[in-house]
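**Student:** Fold the stuff below for me.
(one chain, ligands or ions: 1)
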Amino acid sequence: MRLILLGPPGAGKGTQSQIIAEKCGIPQLSTGDMLRAAVKAGSPVGLKAKEIMAAGGLVPDEVVVGIIAERISEPDCVRGFILDGFPRTLPQAAALDALLKSKSLKMDCVIELKVDDAILASRIETRARETLAAGGTVRADDNAEALKTRLMAYYRETAPLTGYYFAHGLLKTVDGMAPIGEVTGQIDDVLGLVQAG
Ligand code: ADP
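**Tutor:** Okay, the predicted model is just below:
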């Protein structure tokens, strides 16, 4: 099963993709996590991405496409994978299509987590507060200023992907405002239908 989770920052993509990954026994591929690891390691990709990410901007398409091309070629991806945070632009979506086509593979489903715009800032604030309370380090981009830029990037670059995948007959929308378990239940229903079909 090859899936994409779409949704704005704070929609719960990471939470839900972890749950699906565990249940289906396929890896969760989060470009955000991979880029944060690269920043931490100080690799060439990390050096390129660090400032852009901290400000809430998008890392260049060729960088993330390169990361994903390598990652989906690894053996643990043969049974499928969940893309979390990729693609984020139309050129990334086109590159992914070409990549899959070159491997004679196809995407099975794109799940959009729909949430009210007004709640996103408070979700991100809560995540930052909880991380601090647990003794963790708050993400460099989990602050009001960077969030504004992340949301703008989302509306400008990523939101059009719902139209793109709708046109490809792949888009399923679930209510991301429901409690975590209910969102998981809705996703299970969607995936059951995809598998049956
Ligand atoms: P969120 O969805 O909460 O904003 P992510 O962890 O998915 O967080 O991404 C964090 C940051 O990593 C993004 O704001 C962006 O700078 C960078 N990033 C992640 N994925 C991509 C991508 N596909 N294209 C460009 N930049 C990306």
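
**Student:** Just give me the neighbour total for the residue in the chain that the ligand sits nearest to.
**Tutor:** In the chain, no residue comes nearer to the ligand than residue 32, which is 1.9 Å away by Cβ to the nearest ligand atom. In short, each C-beta sits where N, CA and C put it, glycine included. Summarising burial for residue 32: neighbours were counted as other Cβ atoms under 10 Å, giving 19.

**Student:** Now do the contacts for it.
**Tutor:** Applying Cβ atoms under 8 Å, 6 or more residues apart in numbering, one finds that residue 32 lies in contact with 14, 84-85.

**Student:** 10 Å - rerun?
**Tutor:** Residues touching residue 32, when contacts are defined by Cβ atoms under 10 Å, 6 or more residues apart in numbering, comprise 9, 13-14, 53, 59, 64, 84-86, 88, 139, 141.

**Student:** Sticking with it, tell me its helix or strand.
**Tutor:** In this assignment (DSSP states H and E), residue 32 forms part of helix 31-41.

**Student:** Please apply the same query to residue 10.
**Tutor:** With DSSP H and E as the criterion, the answer for residue 10 is that it lies in no helix or strand.

**Student:** which ones are touching it?
**Tutor:** With contact taken as Cβ under 10 Å, 6+ apart, residue 10 is in contact with 113, 115, 119-127, 142, 147, 150-151, 154, 176.

**Student:** check whether the helix or strand residue 47 falls within contacts the ligand.
**Tutor:** Applying DSSP H and E as the criterion places residue 47 in helix 44-55. Yes: shown here: helix 44-55 in contact with the ligand (Cβ under 6 Å from any ligand atom) through 52-53.

**Student:** ranges for the helices of this protein?
**Tutor:** If you assign secondary structure with DSSP state H, the helices in the chain sit at 13-24, 31-41, 44-55, 61-71, 90-102, 117-133, 144-153, 160-167, 180-196.

**Student:** I would like the residues contacting the third one, please.
**Tutor:** Spelled out, that is helix 44-55. Contacts made with helix 44-55 from outside it, assessed by Cβ under 10 Å, 6+ apart, are listed as 31-32, 34-43, 57-60, 63-64, 66-67, 139-141, 143, 145-146, 149-150.

**Student:** ok now that helix, how far from the chain's centre?
**Tutor:** Using Cα atoms, centre = their mean, to the nearest Å, the mean C-alpha position of helix 44-55 is found 18 Å from that of the whole chain.

**Student:** cool, the first one as well?
**Tutor:** Averaged C-alpha coordinates place helix 13-24 at 11 Å from its chain's average position (Cα atoms, centre = their mean).

**Student:** Residue numbers of the protein in contact with the ligand?
**Tutor:** Within the chain, the residues that sit near the ligand (Cβ under 6 Å from any ligand atom) are 9, 31-32, 35, 52-53, 56-59, 64, 85-86, 88, 92, 141, 150.

**Student:** Point out the least confident member of the contacts of residue 32, please.
**Tutor:** The weakest per-residue confidence within these falls on residue 139 (88).

**Student:** quick one, the helix holding residue 32 and helix 13-24 angle?
**Tutor:** Using axes from the mean of the first three to the mean of the last three Cα atoms, to 10 degrees, the inter-axis angle of helix 31-41 relative to helix 13-24 is 100 degrees.
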